[in-house]
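> I need the structure of the sequence given here:
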Amino acid sequence: MAALTLVAGGVLAGSPSAAAAQEETERQTAELIGQVVSASTGLPIEGARVILMGSGYGAITDVEGNFRVPQTWAGRDSIEVRFIGYEAGYTHIDLEPDQTTRVTLTLSSTVIRIADLTVEIRQTRRQRNVEGFLERMGRGFGTFFTPRDIINRNPRLPSDLLRGLPNVSVGRIEYGIAPVFLGEGARLNCPPALYLDGMYQAGMQFDDLPRDDLGAVEVYKREVETPMEFMRTGSTCGAIVVWTPSGAGFLDWAGDLPDPFE
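Numbering: from 1, shown residues only. This next block holds a predicted model:
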């Protein structure tokens, strides 16, 4: 098992069942941010998957090894970290309500004997996200919001971005959140799966995300138009896929977008 170094705050008082009930009633949430580094070199690891086992929320590390889970349930949880070539790492964490917890996680390398060594140039996460976004947009399925679209629309809440779209229902705002449903006709009652930087966010709603996390958005209103990588087993609803800004230049996609988006 990998070694993990944790820098975090506080312990949630009370029994687990009582704490869970209180969290469900009061919607106590917390934010988790941190960095994943190599135990042997101390260098950041890009592309590692960080998953909170209890809530199902997660994130993928950027080129600096940094990650951010903008909202998860407060209280006791477990972190799993995985990356190819490294042993999976696990640790427990206590997340204070309405607080940001910072963690540093280290992964130990897995020793593998290889006959040949292949050197390849790795793309940055932003480049991969942009290329995947453009490739799916070119297929003609789904609804896509580029960074420029989001800036022009200037939504107050993420759900405001979807208001007025065919086969999309945005409900009344309560406690700062408007529920989003997809479907057709009388069956306009299907809650979409939410993906953040390619990671499925179990139980999270679109408006649980801060507006500033909207770098680019893909909306798939039906199962038949949803790409395989964004389909959930047993789910017949569509998906909302959010790509967060990964650097100062992320919102300047003008040079990356083909006509008519230039």
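
> just the helices in the stretch 101-250 of the chain please.
With helices called from DSSP state H, counting those that start in this stretch, the stretch 101-250 of the chain shows them at 125-139, 147-153.

> how about Tyr195, what does it touch?
201, 230, 239-242 (C-beta atoms under 8 Å, 6 or more residues apart in numbering). C-betas here are computed from N, CA, C, even on glycine.

> hmm, 6 Å instead?
230, 241 (C-beta atoms under 6 Å, 6 or more residues apart in numbering).

> re the thing from before, mean pLDDT for the helices of the stretch 101-250 of the chain: which is lowest?
Lowest mean pLDDT within the helices of the stretch 101-250 of the chain: helix 125-139, a mean of 77.

> any idea how far that helix is from the chain center?
16 Å (C-alpha atoms, centre = their mean, to the nearest Å).

> wait, isn't His49 in contact with Val81?
Just to correct that, residue 49 is Arg rather than His. No. Arg49 is beyond contact range of Val81, at 7.1 Å (criterion: C-beta atoms under 6 Å).

> between those two, which has more neighbouring residues?
Val81 (26 against 18; other C-beta atoms under 10 Å).

> could you check how far the residue nearest to that one when sequence neighbours are not counted is from Ala178?
Spatially, and ignoring its direct neighbours in sequence, Val81 is nearest to Gly89 (4.3 Å; C-beta to C-beta, 6 or more residues apart in numbering). Distance of Gly89 to Ala178, computed by C-beta to C-beta, to the nearest Å: 37 Å.

> which of these two has more neighbours?
Per other C-beta under 10 Å, whichever of Gly89 and Ala178 has more neighbours is Gly89, with 23 against 20.

> and His92, how many neighbours?
His92 has 13 nearby residues by other C-beta under 10 Å.

> surely it is within a strand?
Yes. His92 sits within a strand when classified using DSSP: H, G, I helix; E, B strand; the rest coil.

> I'd say it and Asp77 touch.
No. With contact defined as C-beta under 6 Å, His92 does not count as touching Asp77 (7.4 Å).

> okay, now the unreliable bits of this protein?
1-27, 110-128, 185-188, 233-236, 246-262 (pLDDT under 70).

> please parse it into its domains.
16-107, 125-255 (automatic domain parsing).

> just give me the neighbour total for Pro44.
Using other C-beta under 10 Å, Pro44 is surrounded by 16 other residues.
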